[in-house]
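S.K.: Fold the following for me, if possible:
(2 chains)
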Amino acid sequence: DTEVTQTPKHLVMGMTNKKSLKCEQHMGHRAMYWYKQKAKKPPELMFVYSYEKLSINESVPSRFSPECPNSSLLNLHLHALQPEDSALYLCASSQLLAGGLNEQFFGPGTRLTVL
Amino acid sequence: DAKTTQPPSMDCAEGRAANLPCNHSTISGNEYVYWYRQIHSQGPQYIIHGLKNNETNEMASLIITEDRKSSTLILPHATLRDTAVYYCIVRAGIGNEKLTFGTGTRLTIIP
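M.R.: The predicted model follows:
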């Protein structure tokens, strides 16, 4: 299984809602990532988890709260979002080999619209 | 990580080789050149990476100049399915899990 799955595919939420994005991989990868991609822009890194611990937070606002409950799952909890947070949210995973040259496998993304 | 410069768009005829250039003049000795592509509405897909030698796999070839300041990704026989945004990324190896995407090249394969 060389796939990263993300649910839901599409999500529409109001600014007062709380929702969660989910990501799953069964490749035994020990690093997982969240990226945000606005229309016609490149993906931007948000968070990195290594061995289920948060290792990188790219100064993301606290209304985005990541969680890694186990080595296969990654969640992104959303609360009090703004319309400008509407974007494609991409999850990725990779091995953590000693050489550090670890290819990242991306999921198809969740397209989020905040009203 | 060093910055990269790519042309914003390119066209290539179907069946011909697509040559995508990337300039990374500030690359340092421990940084690798990676290529990813993103087909419309999908997540990015890894293509190839290299340090200083030319590399080839089942998808593409990567040619890195001797001074390592630029590289070219070659898709030998482009098909319509190769239409995508191609990202050249320079990335340190050991202990660095960050991928910093530039603006990329939008490659359109013309039938």
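
S.K.: C-alpha only now, for contacts and for neighbours.
M.R.: Fine.

S.K.: For the host helix or strand of A:K22, buried residues please.
M.R.: Using DSSP states H and E, A:K22 sits within strand A:18-25. Residues of strand A:18-25 classed as buried by neighbour count (16 or more other Cα atoms under 10 Å in any protein chain shown): A:L21, A:K22, A:C23, A:E24, A:Q25.

S.K.: how near is the most centrally placed residue in chain A to A:E44?
M.R.: Nearest to the centroid of the C-alpha atoms of chain A, with distances taken as Cα atoms, centre = their mean, sits A:W34, at 2.7 Å. A:W34 sits at a distance of 9 Å from A:E44 (criterion: Cα to Cα, to the nearest Å).

S.K.: where does chain A have low pLDDT?
M.R.: Scanning chain A with the threshold set as pLDDT under 70 gives A:1-2, A:98-101.

S.K.: Strands along that one, start to end?
M.R.: Taking DSSP state E as the test, the strands found in chain A are A:4-7, A:10-13, A:18-25, A:31-37, A:44-50, A:53-57, A:64-70, A:73-79, A:87-94, A:105-106, A:110-114.

S.K.: Now find how far off-centre the fifth one is within its chain.
M.R.: Centroid separation between strand A:44-50 and its chain, computed with Cα atoms, centre = their mean, to the nearest Å, is 7 Å.

S.K.: Stretch A:19-30 now?
M.R.: Here stretch A:19-30 is found 8 Å from its chain centre; the criterion is Cα atoms, centre = their mean.

S.K.: I'm done for today, thanks for sticking with me.
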